[in-house]
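**Q** Just the structure for this:
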Amino acid sequence: MQHHWVRFRHQGLECFGTLEGDRVRVWHGNMFEYPQRGDRTLAVEDVRLLMPVRPSKVIALWNNFKALGDKLQLSAPAEPLYLLKTPNSYLDPAGTIRHPGGGAKVVFEGELGVVIGRTAKQVREQDAMEHVLGFTCANDVTVADILHRDASFPQWVRAKGFDTFCPIGPAVATGLDPAKLRVRTLLNGEVRQDYPVSDMRFSVAQLVSLISQDMTLLPGDVILCGTSIGVGSMKPGSTVEVEIPGVGRLSNHFA
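**A** Purely as a prediction, here's the structure:
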């Protein structure tokens, strides 16, 4: 069954539920274990949407799209290449991405996020999708000029780990085939990225299976699938949106 799961704050309380048009249906219990559908609905405009899950970790892929890899003349990796986004970087939908200061070049990277629904530890590829709750939108914000500042050590975590550098949301969409999805990133209303998820070097099932060989994936954890061509810098005052038809649109201001 298809749902668009959200977390939200209403009258000082954190709740979860499902989007139904311009309203949110309140559910009870736990999003991952036997959630119970409630009778009450609220207008979306009367709640503040939060990140749809609270991950213990966000795993971000590098060189996972053939089009971008070809453009950068990168060979296909033998296994997924990834880093971790730190919890201080997590940001709610409509939250403000903050410039870290100085003359840093800050870039957007619109991505598909895979949300884990069941604990995954050393799962087989054919079983991997049973551990996926659904999909969300994400922006893997990066300070590009920090990455190779020191020639002896690429600073991936630092470049991508600043406060507010990982917006996620607004919902987790279930019941979708990720290979049929498309990611679009808009900067001030202008489309900058528009690419098919089917171009991934490693599929969602492969990512979940292979990463779960290294570390246990917990309910609410998010895998960012990597990005494709069109990544670019943004200036303070900009609005950046990541849109995945069927999943939702994530919008954040950059200040």
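**Q** So the protein: which segments form each domain?
**A** Domains of the chain are assigned by automatic domain parsing as 1-50, 51-254.
**Q** Could you export those as CSV, including mean neighbour count?
**A** Where you see a C-beta, it was placed from the backbone N, CA and C, and this is true even at glycine. Listed next are the domains of the chain as CSV, based on neighbours: other Cβ atoms under 10 Å:
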stretch, mean neighbour count
domain 1-50, 15
domain 51-254, 19
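**Q** With mean pLDDT added, can I get those in JSON lines?
**A** Output for those, formatted as JSON lines (pLDDT from 0 to 100):
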{"stretch": "domain 1-50", "mean pLDDT": "96"}
{"stretch": "domain 51-254", "mean pLDDT": "97"}
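**Q** Pairing partners for the residue nearest the centre of the chain in the sheet, please.
**A** The residue lying closest to the centre of the chain (Cα atoms, centre = their mean) is A138, at 3.0 Å. With DSSP bridges as the criterion, A138 is bridged to E111, I168.
**Q** Any figure for the gap between A43 and D214?
**A** Plainly put, A43 is 43 Å away from D214 if you go by Cβ to Cβ, to the nearest Å.
**Q** list the contacts for the closest residue to M200 other than its chain neighbours?
**A** Using Cβ to Cβ, 6 or more residues apart in numbering and skipping residues adjacent in sequence, the residue nearest M200 is N64, 5.4 Å away. Residues in contact with N64 (Cβ atoms under 8 Å, 6 or more residues apart in numbering) are 80-81, 200-202, 207, 225-226.
**Q** Show me which of those residues is closest to A104.
**A** Nearest to A104 among the contacts of N64 is G226, at 22.1 Å by Cβ to Cβ.
**Q** which element is the closest one on?
**A** According to DSSP states H and E, G226 maps onto no helix or strand at all.
**Q** quick one: it and V204 touch, right?
**A** No. Using Cβ atoms under 8 Å, G226 makes no contact with V204, being 11.5 Å away.
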